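**Q** sequence first, predicted coordinates after that:
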Amino acid sequence: MASASVPLLLGAAAVAVLHSILPDHWVPLAVVGRTQRWSLFRVARVSALASAGHVVASVVLAGIIAAIGLQFQRQLETQHRDRRRGLHWLLGRGEVPSQPTISAPPSVGVIMVVAAHPDDIESWCAGTLARSIDAGATVRLLLVTSGDKGSDDPRDSAADVALRREREAMDAGRRLGLAEVAFLRHPDGEVEDTRALRGELVAAIRRWRPAALFTHDPAHPYPPYLTHRDHRVVGRAVLDAAYPLARDRLSFPEHAAEGLAPHAVREVWLFSTDRPTAHVDIGAGFDRKIAARLAHVSQTRDADALRAGWRERAAQIGAEAGLPLAESFAVLHLD
């Protein structure tokens, strides 16, 4: 609405000026806007021009006003596009890259990954983590739930499912090369953003002291509208834990008794995002990504179909940045 109103008001100003100098007839005037088309404004009856010079002056004035309106419109549309993509916020520098950015995965120190369910990281970031591990990083995974709702078998209890899926997650972690897999055991599908959850997340950050943290995008998730509720809740809680809670000494001061000092995370990589700012080449990590996913046996019906479908999806993501196979992220720089 705002982007359309500026040229409309300028056009109206032009009509008001012309109203005072033109004879009574229909004057075509371009009203530049996203939804506006050429409109005809009825100019009220006025006296005839005193001279041909008035005609020239009015045409020049109308042209100047129309040009100003067009320039304003272009600026507003650019600002609107930038806000829609969210890149000013995501990059933290006010930069808007014209092409997708191909990024190297973090490769130094400890990487912490927080996911809602046991097989989430395989879907979104396991290829990138495989590359980070190969480059020397230590990767630790914290699972907020144990996926205890992940069964259609009427003979299964939630406890049975949780135990099975934790074993599968440990196996997947070994295949991927993770240094540790830990569980918070919140109920699947019922995760709430509470102080207790944030405290557990802050404690884990202060214990593992990661340089980079991977988690779900809570603000612009993919797929939009239908992203699992746990993904959105976990992503929001993790971001709040990373900044500013884990950094601030007076947030959760009870952690000091456990020997846990404040810690500042330098960057956060948000996966399952609808607004990526970084693409990572996972050609070297794709096979480990698939191997880790297939460790979740209870969640796999057709291994061949899964392998083919995931390769196709990685190729589609890679095509956005000219890569054969890729994963994409929104990267936040917190330092």
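**A** Yes, it's here. Quantities reported herein were computed from a predicted structural model and do not represent experimental measurements.
**Q** in a strand, residue 204, correct?
**A** No: counting by DSSP: H, G, I helix; E, B strand; the rest coil, residue 204 is not found in a strand; it is helix.
**Q** hang on, residue 213 in a helix?
**A** No: assigned with three-state DSSP, residue 213 falls outside any helix and is strand.
**Q** isn't it right next to residue 201, touching?
**A** No: Residue 213 is beyond contact range of residue 201, at 9.8 Å (criterion: Cβ atoms under 8 Å). Bear in mind the C-beta positions are built from the backbone N, C-alpha and C, glycine included.
**Q** which of those two has more neighbours?
**A** residue 213 (30 against 27; other Cβ atoms under 10 Å).
**Q** so what's that one bridging to?
**A** Taking DSSP bridges, one obtains residue 112, residue 268 as the residues bridged to residue 213.
**Q** next up, the contacts around it.
**A** 111-114, 205, 238, 242, 265, 267-269 (Cβ atoms under 8 Å, 6 or more residues apart in numbering).
**Q** try it again at 6 Å.
**A** Residues near residue 213 by Cβ atoms under 6 Å, 6 or more residues apart in numbering: 112, 242, 265, 268.
**Q** and the pLDDT at the last one?
**A** For residue 268, the pLDDT comes out at 98.
**Q** OK, contacts around it?
**A** Applying Cβ under 6 Å, 6+ apart, the residues near residue 268 are 213, 242, 332.
**Q** give me the phi and psi angles of the residue nearest to residue 182 when sequence neighbours are not counted.
**A** Distances taken as Cβ to Cβ, 6 or more residues apart in numbering put residue 142 closest to residue 182, at 5.1 Å, once the chain neighbours are dropped. Backbone geometry at residue 142, expressed as degrees, to the nearest 10, gives phi -120, psi 120.
**Q** residues contacting residue 142?
**A** By Cβ under 6 Å, 6+ apart, the neighbours of residue 142 are 114, 182, 204.
**Q** for the first one, grab the count of nearby residues.
**A** Burial of residue 114, expressed as a neighbour count using other Cβ under 10 Å, amounts to 29.
**Q** now do the second one
**A** For residue 182, the tally of surrounding residues (other Cβ under 10 Å) stands at 14.
**Q** can I take it that it is in a strand?
**A** Yes: according to three-state DSSP, residue 182 belongs to a strand.
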